[in-house]
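>>> coordinates only, sequence not included:
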């Protein structure tokens, strides 16, 4: 994301927090978030797809709300609330579409929206799909299963270059565009990675009966909240909507804290991360650099760059959230200062790790302990930890390198887990002298930082062979 | 996996202290911009360089329009450009015979890695003079055809105690309409105007659109692009050091034009009437005067000679025969009259050794050219008696 949208977001959030009365705040945030979904979507080669994808994001959100909405939500006020939310959402989609006809004012989007006929078809079909769970309230569980499968399927397609290529060919066939030009870059769905995980969280919690009742406007704002569209964090709806209903902190303090976070975020992203990007490890320089020392420098530059880039965006999101009275969760807590892998994963992309812990790791461990009671604890942990980390790796993209990155971290976590257990059972092995303790702490930090940094070799490069080649250079083999 | 608590101390920030901090920050920022605009220290900032300190200096001046692949970029800060060059980091030793090359893309080595440029080939030859000194050549070519650009580069190069300046030229650098067009010159009006005035050059300093920043352009905000370029040049130094790459050389390129247009025109000159006043010989003269006691070896650089369609009226894409023949004649006569050290190597390189333009040689062509130049250097450094 460039500076311009960030500056517009900053001004908008500041104005919302400053001058918009509380009772109107949610609606203004909603309008801004809906517009941002379209505005930030990049143009795509496949006709009308750049308009269709944000529309599907909104339809999916509406449908998830309709599925998770309690059936007894029938009093007049609540009915009015969701009808108003629906009307507003439809109105925004229509306005974005109609900008096509505004001549020089066209367009809010990076692309020309489809003609009004197509926009209306998208709206009618999308609205129909979204409202199905309200029309057939008894089939909500089936709808929730379908929605989960649909979101996961889309997610898998978007993260797999091969499937994207096929999807692009298919879509080009439908639109009558040259199929031979199909390319994975034809389908870029802005913000879907984070949106999908918020929707899945709602659907999973609905199935386990943990999801409270939300108004449509609240749920739309939770899923599409504009500061969190580009890079999260993946907040929990219970916490987020709590803040939305009862803003946290006093406005002057919020503005001050928000400004601090935004300034830090801008500095981290646009000064440090973008500066380091010039020298960070990539597929081009990985093949060109032969010296061991330079290769380590490139690797450390990458490790710092990826942290400052992501942490910078998180700071921006948290700062913008504070302006409007919402305390978004932290995503990073000095991860590179941690002394072991478990502590690292408690402080790196915290919300994603928590999501996987809540919806994959814990259920898998519980299930294995009840179903396979003969399995020793360490086997259960190794299976759960490795598969969790592989899934986190594949969340970034379905490639061998991301899978190996996940295995790399799974192995690190498992080794630390076994080491901790071993040391816990031998109190005599823990040194009491402060000097030795400091040396061990330093050693722990050194090992953890370098293990994580070496893991980035898999993450940063596109192929296993190139990654192995870099490892050879790093160790002078 | 626990979330981090927001620093509790932040919660105690009071509105008036927030206002104070914001007010002071704004005042400091405005002051910093005003001071920057008043002194406009971009040239001084350019002198601070990580090159020759944290990593080696570049072997040729920074130039490139694809920084991510070339680890190099074009910028307009002459001080930063020179500070990044290896010349700035090398003390001249007693046994060094320092030869500085200026000129266009042919000298710079377009489409050649930096170990295959003419200066690299001369250095690889480890040329010894009879007095025991070793010839060490430095590349200050810059890929733009303009004698005025060469003159500006030379004015900076004079700081570096050259024993000999080698100045390869070609006709395309001579027309007056080519002199002030390079962006490098338009963005450096002060040194160019100073040279025009000092050497009374036949150039009108008011006829071009100089890039002269106004008040806002001189502030930190206005100069942010120039500042960022200096910063990026330093960062790309890391990858330049790590890889030795300073140019994005494509695997394939469009070869120099063999079949030519039936066109006799050359800039705004009338065919068969080329005169001394039509070409910027005064700038060449200024360069040789500027060099003072340092000898200058003036070279008419090699060019591609086409054998294709219309080659009977044109030598190549750049030159109709009448213009180039007239120019060679003039350059030879004037050099003789003025006592310049002049060599004409216009046709010494086989046609197959030119790459994407009529003046860009491949490695083999550059080797042949380097041999010729080395002979000339030896001749000049060790003149035969009588």
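Arrived safely, thanks for sending. The structure displayed is predicted, hence computed values, not measured ones.
>>> Not counting its neighbours along the chain, what's nearest the residue nearest to the spatial centre of chain A?
Geometric centre of chain A, nearest residue: residue A:194, 3.0 Å, by Cα atoms, centre = their mean. Excluding the flanking residues, the one nearest residue A:194 by Cβ to Cβ, 6 or more residues apart in numbering or on different chains is residue A:232, at 4.7 Å. C-beta coordinates here come from the backbone N, C-alpha and C atoms, glycine included.
>>> Check which helix or strand the one you found maps to.
Residue A:232 belongs to no helix or strand when assigned by DSSP states H and E.
>>> can you count the residues close to it?
Residues lying near residue A:232 (other Cβ atoms under 10 Å in any protein chain shown) number 26.
>>> So it sits against residue A:352, correct?
Yes. Judged on Cβ atoms under 8 Å, residue A:232 makes contact with residue A:352 at a distance of 7.3 Å.
>>> Return every residue with contacts to both of the two.
With contacts taken as Cβ atoms under 8 Å, 6 or more residues apart in numbering or on different chains, the residues that reach both residue A:232 and residue A:352 are residue A:331.
>>> Quick one: low-confidence residue ranges for chain A.
Chain A contains residues with pLDDT under 70 at A:72-80, A:104-105.
>>> who in it is up against chain B?
Proximity of chain A to chain B is confined to A:249, A:252-253, A:255-257, A:259-260, A:275, A:278-279, A:284-285, A:288-289, A:291, A:294, A:297-298, A:327, A:329-330, A:333, A:345-347, A:350, A:353-354, A:357 under the rule Cβ under 8 Å from any Cβ of the partner chain.
>>> picking that back up, hang on, the residue nearest to the centre of chain A packs against residue A:234?
Yes. Assessed by Cβ under 8 Å, residue A:194 is found in contact with residue A:234 at 5.8 Å.
>>> Could you tell me which residues touch both of the two?
residue A:228.
>>> and residue B:298, what is it in contact with?
B:167, B:169, B:284, B:288, B:335, B:340, B:341, B:342, B:343.
>>> Wasn't the last one part of a strand?
When you say that, I think you mean residue B:343. Yes. Under DSSP: H, G, I helix; E, B strand; the rest coil, residue B:343 sits within a strand.
>>> hey, what's it bridged with?
residue B:299 (DSSP bridges).
>>> Look at it and report its pLDDT.
On pLDDT, residue B:343 comes in at 97.
>>> count of neighbours near it?
20.
>>> which residues sit in contact with it?
Per Cβ under 8 Å, 6+ apart, neighbours of residue B:343: B:297, B:298, B:299, B:300, B:372, B:373, B:376.
>>> now the first one
Applying Cβ under 8 Å, 6+ apart, one finds that residue B:167 lies in contact with B:101, B:102, B:103, B:150, B:154, B:287, B:296, B:297, B:298, B:299.
>>> Mind checking which of these are in helices?
Applying DSSP state H to the contacts of residue B:167, the entries found in helices are B:150, B:154, B:287.
>>> Go through those residues and name the one nearest residue A:423.
residue B:154 (69.9 Å; Cβ to Cβ).
>>> So for the closest one, what's the pLDDT?
With respect to pLDDT, residue B:154 scores 98.
>>> Now do it against residue B:199, distance only.
In this structure, residue B:154 lies at 11 Å from residue B:199, with Cβ to Cβ, to the nearest Å as the measure.
>>> Please say which of those two ends up with more neighbours.
residue B:154 (24 against 18).
>>> So the more buried one versus residue B:189, what's the distance?
Using Cβ to Cβ, residue B:154 is found at 18 Å from residue B:189.
>>> what residues does stretch A:356-370 touch?
Stretch A:356-370 is contacted by residues A:200-201, A:204, A:375, A:380-381, A:383-385, A:387-388, A:391-392, B:1 when judged by Cβ under 8 Å, 6+ apart.
>>> Same question for stretch A:173-182.
Contacts for stretch A:173-182 (Cβ under 8 Å, 6+ apart): A:45, A:46, A:47, A:48, A:165, A:168, A:169, A:172.
>>> gap between the two ends of it?
10 Å (Cα to Cα, to the nearest Å).
>>> Return the set of buried residues in that stretch.
Buried residues in stretch A:173-182, counting neighbours by 16 or more other Cβ atoms under 10 Å in any protein chain shown, are found at A:177, A:182.
>>> and if you look at stretch B:302-320?
Result for stretch B:302-320 [16+ other Cβ under 10 Å]: buried residues B:302, B:303, B:304, B:305, B:306, B:314, B:315, B:316, B:317, B:318, B:319, B:320.
>>> contacting residues around it?
Residues outside stretch B:302-320 that contact it (Cβ under 8 Å, 6+ apart) are B:106, B:170-172, B:256-266, B:271, B:321, B:324, B:345-349, B:351, B:354, B:357-359, B:361, B:365, B:369.
>>> do stretch A:430-440 as well
With Cβ under 8 Å, 6+ apart as the test, stretch A:430-440 has contacts from residue A:423.
>>> tell me how far it is from the chain's mean position?
With Cα atoms, centre = their mean, to the nearest Å as the basis, stretch A:430-440 stands 40 Å off its chain's centre.
>>> what comes up buried for it?
For stretch A:430-440, the neighbour count (16+ other Cβ under 10 Å) marks no residue as buried.
>>> What is the neighbour count of the nearest residue to residue B:149 once chain neighbours are set aside?
The shortest distance from residue B:149 to any non-neighbouring residue, by Cβ to Cβ, 6+ apart, is to residue B:182 (5.1 Å). Counted by other Cβ under 10 Å, the residues lying close to residue B:182 total 20.
>>> next one: the one 3 residues further on
Residues near residue B:185, counting by other Cβ under 10 Å, number 23.
>>> what's the model's confidence in whichever strand or helix holds it, averaged?
Residue B:185 belongs to helix B:183-186 when assigned by DSSP H and E. Mean pLDDT, helix B:183-186: 95.
>>> what's next to that helix, contact-wise?
Residues contacting helix B:183-186 (Cβ under 8 Å, 6+ apart): B:74, B:76, B:78, B:142, B:144, B:146, B:148-149, B:152, B:180, B:192, B:208-211.
>>> Summarise which helices and strands the very next helix or strand once past it is packed against.
Counting by DSSP H and E, the next helix or strand C-terminal to helix B:183-186 is helix B:189-198. Judged by 3 or more Cβ pairs under 8 Å, 6 or more residues apart in numbering or on different chains; DSSP states H and E, the packing partners of helix B:189-198 are helix B:147-157.
>>> starting at the chain centroid, how far to the helix it packs on?
Put simply, helix B:147-157 sits 8 Å off its chain's centre (Cα atoms, centre = their mean).
>>> Contacts for that helix next, please.
With contact meaning Cβ under 8 Å, 6+ apart, helix B:147-157 is reached by B:61, B:78, B:82, B:87, B:100, B:102-104, B:140, B:142, B:165, B:167, B:169, B:173-174, B:179-180, B:182, B:184-185, B:188, B:191-192, B:195, B:199, B:201, B:203, B:280, B:283-284, B:286-287, B:290-291.
>>> before we move on, the earlier item: which members of the residues of chain A next to chain B are classed as buried?
Among the residues of chain A next to chain B, the ones that count as buried by 16+ other Cβ under 10 Å are A:249, A:253, A:255-257, A:259-260, A:275, A:278-279, A:285, A:288-289, A:294, A:297-298, A:327, A:329-330, A:333, A:345-347, A:350, A:353-354, A:357.
>>> Can you pull the domain assignment for chain A?
A:3-245, A:251-332, A:337-474 (automatic domain parsing).
>>> Let's have these in TSV, adding distance to residue B:215.
As requested, the domains of chain A are arranged in TSV below (distance: least, Cβ to Cβ, whole Å):
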stretch	distance to residue B:215
domain A:3-245	23
domain A:251-332	25
domain A:337-474	44
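>>> for these, which one ends up most surrounded?
domain A:251-332 (a mean of 21; mean count of other Cβ atoms under 10 Å in any protein chain shown).
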